[in-house]
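Enquirer: build me a structure from this.
(one chain, ligands or ions: 2)
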Amino acid sequence: MVTKLVIRGGKPLYGKIRVSGSKNAVLPIIAACLLPNSACTLEDVPDLADVHIICRVLETLGAGITWLNSSTLIIEPPEKPRTEAPYEFVRKMRASFLVMGPLLARTGIASISLPGGCAIGSRPVDLHLKGFNMLGARIEHGYGSVLAEAGVNGLQGEKIYLDFPSVGATENIMMAAVMAKGQTIIENAAEEPEVVDLANFINAMGGKIKGAGTKVIRINGVKELHGVTHSVIPDRIEAGTYMVAAAITGGDIIVENVILDHLKPVAAKLKEMGVQVQELENAVRVTASEQYHAVDIKTMPYPGFPTDMQPQMMALMTVAKGTGIITETVFENRFMHVSELKRMGARIKVEGRMAVTEGPARLTGAYVKATDLRAGAAVVLAGLSSRGETVVGKVEHIMRGYEKLTEKLKSVGADIEYRD
Ligand SMILES: CC(=O)N[C@H]1[C@@H](OP(=O)(O)OP(=O)(O)OC[C@H]2O[C@@H](n3ccc(=O)[nH]c3=O)[C@H](O)[C@@H]2O)O[C@H](CO)[C@@H](O)[C@@H]1O
Ligand SMILES: C=C(OP(=O)(O)O)C(=O)O
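Expert: Ligands and ions are numbered 1, 2, ... in the order given. Alright, predicted model coming up:
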């Protein structure tokens, strides 16, 4: 079993990398495959640990899963889904909780283990449950699980205001409401591109969702949905990570299969630091400069700067000149990478939700660990630009979100490999 990544850094990366389909778009889309009355085909599905987990969850609920090839998936919905998603899966991946909305829509009842917190925060699901409750489901907690049950009349459309534009709550409520009676309005909804991809998928199946990508989403309930073929959007966070790889190694990479519109805040901050970012057709070229300047970054819900790119940008900031302030507003504990980057020579101080970087630091290889997915990406990026050898432990976190990471990086000249 693979347990670590070994990187011999200091090489500028040159060439082309193709970005895979989005992890965070495909997970809710796979959950939504429980909704229609016939099979769906999903294209550009990334071959990732998280994708295999959600597929196992669907199989447990009675769905049929067939891989046509490494990126095409056929999902046959169960005629009568089972209604329980056990802890075994939810423990491994919080996004398993996204089957609750579709199960409620299909069967009127769902029992899912409560996902605990994780390395980046406590991550409650209160907003998901509040939404289900407003649609008429009774919510009961017990034995580490949550049971949601619609009354005899099924779910009823309602106006739901989210206290925070939660991505998962918006998606889960949208999926629950798609076959409810009447109209559901989600106010202060998440505007992330992954929410839009899910809405497009559901609409192609016959759903009636308007406004996805804005703060107000209107869903008119329909009686049933039918299977379709859908191509998943490119992964904006994977793209952003490779953009930083070009910059931090002093290289020049064309990142292909990119919707640059989804990466506006990342591209803007890279340019502000002095990185050259050139838009191409469905691609972006990122060319390094001699010296970068530190900037201030504040993570926000979309279209703000994505929290999922914060650790990678912090890695780049450590080699930039001057003082930069990174403020994390989305998750309360997303600075686990700081101590790992410091082991590599970075100068960073954390004060509450702010991290202050001082640079430029000359990074050196070290033994570090991937404390979570994007923290792992940050230490890989730092390792690629460091002198000497970096060994990254706990790579299972990285494998959750980066398809063919070593192959892609090797193809642009990196010296990197997974090891047992
Ligand atoms: C699989 C997936 O798509 N994951 C993404 C999704 O996670 P996820 O959907 O879990 O993120 P949310 O937008 O829900 O969470 C944002 C904040 O809201 C809080 N919250 C959320 C729900 C709730 O019921 N109550 C509550 O308080 C969370 O604790 C967190 O502090 O969006 C995050 C924010 O862009 C990304 O970092 C994750 O990569
Ligand atoms: C935090 C992330 O994912 P998840 O919500 O699945 O933990 C991420 O993709 O960076």
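Enquirer: where does the protein get nearest to ligand 2, which residue?
Expert: Among all residues of the chain, D308 sits closest to ligand 2, at 3.9 Å; criterion: CB to the nearest ligand atom. Bear in mind the C-beta positions are built from the backbone N, C-alpha and C, glycine included.
Enquirer: next up, the contacts around the residue lying closest to that residue once chain neighbours are set aside.
Expert: Spatially, and ignoring its direct neighbours in sequence, D308 is nearest to I237 (4.5 Å; CB to CB, 6 or more residues apart in numbering). The neighbours of I237, taking CB atoms under 8 Å, 6 or more residues apart in numbering as the test, are 22-24, 306, 308-309, 374, 401.
Enquirer: show the pLDDT at I237.
Expert: pLDDT, I237: 98.
Enquirer: Three-state assignment for it, please.
Expert: helix (DSSP: H, G, I helix; E, B strand; the rest coil).
Enquirer: count of neighbours near K349?
Expert: Counted by other CB atoms under 10 Å, the residues lying close to K349 total 12.
Enquirer: need phi/psi at it.
Expert: Per-residue torsions, K349: phi -120, psi 140 (degrees, to the nearest 10).
Enquirer: that one against L341, yeah?
Expert: No. Assessed by CB atoms under 8 Å, K349 is found out of contact with L341, at 11.9 Å.
Enquirer: quick revisit: now, which of the contacts of I237 sits nearest T60?
Expert: When the contacts of I237 are ranked by distance to T60 (CB to CB), K23 comes first, at 20.4 Å.
Enquirer: and that closest one, how far from ligand 1?
Expert: 7 Å (CB to the nearest ligand atom, to the nearest Å).
Enquirer: quick revisit: can I get the contacts of I237 in CSV including pLDDT and secondary structure?
Expert: Output for those, formatted as CSV (pLDDT from 0 to 100; DSSP: H, G, I helix; E, B strand; the rest coil):
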residue, pLDDT, secondary structure
S22, 98, coil
K23, 98, helix
N24, 98, helix
P306, 98, coil
D308, 98, helix
M309, 98, helix
R374, 98, helix
G401, 95, coil
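Enquirer: can you tell me how far the closest residue to V228 other than its chain neighbours is from D197?
Expert: For V228, ignoring the flanking residues on the chain, the nearest one in space by CB to CB, 6+ apart is A204 at 4.5 Å. Counting by CB to CB, to the nearest Å, the gap from A204 to D197 is 11 Å.
Enquirer: so for these two, which residue has more residues nearby?
Expert: D197 (23 against 15).
Enquirer: can you tell me the element the more buried one falls in?
Expert: Assessed by DSSP states H and E, D197 sits inside helix 193-204.
Enquirer: please list the residues outside that helix that contact it.
Expert: 22, 24-25, 28-29, 32, 35, 167, 170-171, 174-175, 178, 189, 207, 209, 212-213, 217, 225, 228, 230, 232-233, 236, 259, 262, 302.
Enquirer: give the ChimeraX command for selecting the buried subset of those.
Expert: Buried residues within these, by 16 or more other CB atoms under 10 Å, are selected in ChimeraX with:
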select :22,24,25,28,29,32,35,167,170,171,174,175,178,189,207,209,212,213,217,225,228,230,232,233,236,262,302
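Enquirer: near ligand 2 too, which of the contacts of helix 193-204?
Expert: Filtering the contacts of helix 193-204 for neighbours of ligand 2 using CB under 6 Å from any ligand atom leaves N24.
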